[in-house]
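Undergrad: Have a look at this prediction, sequence included:
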Amino acid sequence: MALGDGRTALFWEDRWLGGRSISDIAPHLYACIPKRRRRIRTIADGLLSHSWAHDIHDTIGIPEIGEYLLLWRQLEPVELSNQADTLTWKWNDSGTYSAKSCYNAMFQGSTLCSAWKLTWRTWAPQRVKFFHWLANLDR
């Protein structure tokens with residue numbers, strides 16, 4: 001997400017702070033925010049007079065205080081512009097969504113395995129191959 005005026009992006013939910021969401025940066029603090037507040041607080045509203053800090057409602061312990069200070073420090077240099085917020089698709093270079101890029105993203109980080117050849121390219125009867133394949137699905 002490219003941050004603009006902050007009127008459409010959600011403060012607690014969207015990935016707007018260096019490509020990360022608040023739940024990634026401060027998970028303990030994020031757990032202290034009521035769900036209804038997470039869904040309505042925009043970035044512009046949250047940054048205005050640090051009103052994001054008023055959203056914290058649960059008991060705060062040492063981990064939450066540490067994350068609060070970390071978040072406060074990361075929010076200091078954030079400046080909003082007059083342009084609207086823009087969404088970009090991170091799984092291709094152009095930043096636009098396509099079915100092909102979504103399909104490729106689904107397999108991001110996976111590895112190829114040629115173990116299927118051991119099952120399907122044997123001389124065993126088809127029913128034996130099938131039951132061998134079923135037995136090895138969980139592995």
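TA: Ah, there it is. As the structure is a computational prediction, the values presented were derived from the model and not from experiment.

Undergrad: residues contacting the residue lying closest to residue 34 once chain neighbours are set aside?
TA: Nearest non-adjacent residue to residue 34, counting by Cβ to Cβ, 6 or more residues apart in numbering: residue 57, 5.8 Å away. C-betas here are computed from N, CA, C, even on glycine. If you count contacts by Cβ atoms under 8 Å, 6 or more residues apart in numbering, residue 57 has them with 32, 33, 34.

Undergrad: Which strand or helix spans residue 23?
TA: helix 22-25 (DSSP states H and E).

Undergrad: List the buried residues in that helix.
TA: Neighbour counts over helix 22-25 (16 or more other Cβ atoms under 10 Å) mark 22, 25 as buried.

Undergrad: ditto for stretch 11-28
TA: Taking 16+ other Cβ under 10 Å as the criterion, stretch 11-28 shows 11, 12, 13, 14, 16, 17, 21, 22, 25, 26, 28 as buried.

Undergrad: can you redo those residues as CSV with pLDDT?
TA: Listed next are the buried residues of stretch 11-28 as CSV, based on pLDDT from 0 to 100:
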residue, pLDDT
11, 94
12, 95
13, 94
14, 91
16, 90
17, 90
21, 92
22, 93
25, 94
26, 95
28, 95
